[in-house]
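Novice: quick one, what's the 3D model for this:
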Amino acid sequence: MSAIHWEEAIEQLEENPVSKTLEASTMFSRVHLDTVRMANQMVADQLGLEKSVILDELATFVSWDLKNNHPKVIIDFGDNFLESVWMG
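Specialist: Numbering: from 1, shown residues only. Below you'll find the predicted structure:
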């Protein structure tokens, strides 16, 4: 699985010099945060649980190019998306 924990992804986007440049023009940290929030809410809704239970019990990982240390995203004319999200 080519992924990292979503909080580490945010840290990399904010601290890594190459990612900082990418972040300045794309706001991928916002894409990551919004996607993780939506995924948590969808899982909570499907399982009939409070979102706080999901946050406490599941870890969320986002797709990441480990070799080049940058996010795996799909860039579309209308929006940007994470390639994948895993919860476990």
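
Novice: hmm, who's touching the lowest-mean-pLDDT helix or strand in the chain?
Specialist: The weakest-scoring helix or strand in the chain, judged by mean pLDDT, DSSP states H and E, is helix 17-26 (a mean of 74). Contacts with helix 17-26, where a contact means CB atoms under 8 Å, 6 or more residues apart in numbering, come from 12-14, 28-29, 69-71, 73, 75, 80. Where you see a C-beta, it was placed from the backbone N, CA and C, and this is true even at glycine.

Novice: likewise stretch 49-60?
Specialist: So stretch 49-60 is contacted by 5-6, 36, 39-41, 43-44, 47, 85-88 (CB under 8 Å, 6+ apart).

Novice: do stretch 63-74 as well
Specialist: For stretch 63-74, the surrounding residues in contact (CB under 8 Å, 6+ apart) are 2-4, 9, 12-13, 16, 18-19, 22, 26, 28, 31-32, 62, 80-85.

Novice: what do you get if the cut-off is 10 Å, keeping everything else the same?
Specialist: Here stretch 63-74 makes contact (CB atoms under 10 Å, 6 or more residues apart in numbering) with 1-6, 8-9, 12-13, 16, 18-19, 22-23, 26, 28-29, 31-32, 35, 62, 80-86.

Novice: mind listing which of these are in strands?
Specialist: If you go by DSSP state E, the contacts of stretch 63-74 have 3-5, 62, 80-82, 85-86 in strands.

Novice: so where's the chain uncertain?
Specialist: When residues are selected by pLDDT under 70, those of the chain lie in 25.

Novice: point to the residue nearest the middle of the protein.
Specialist: By CA atoms, centre = their mean, the mean C-alpha position of the chain lies nearest to residue 32, the distance being 3.4 Å.
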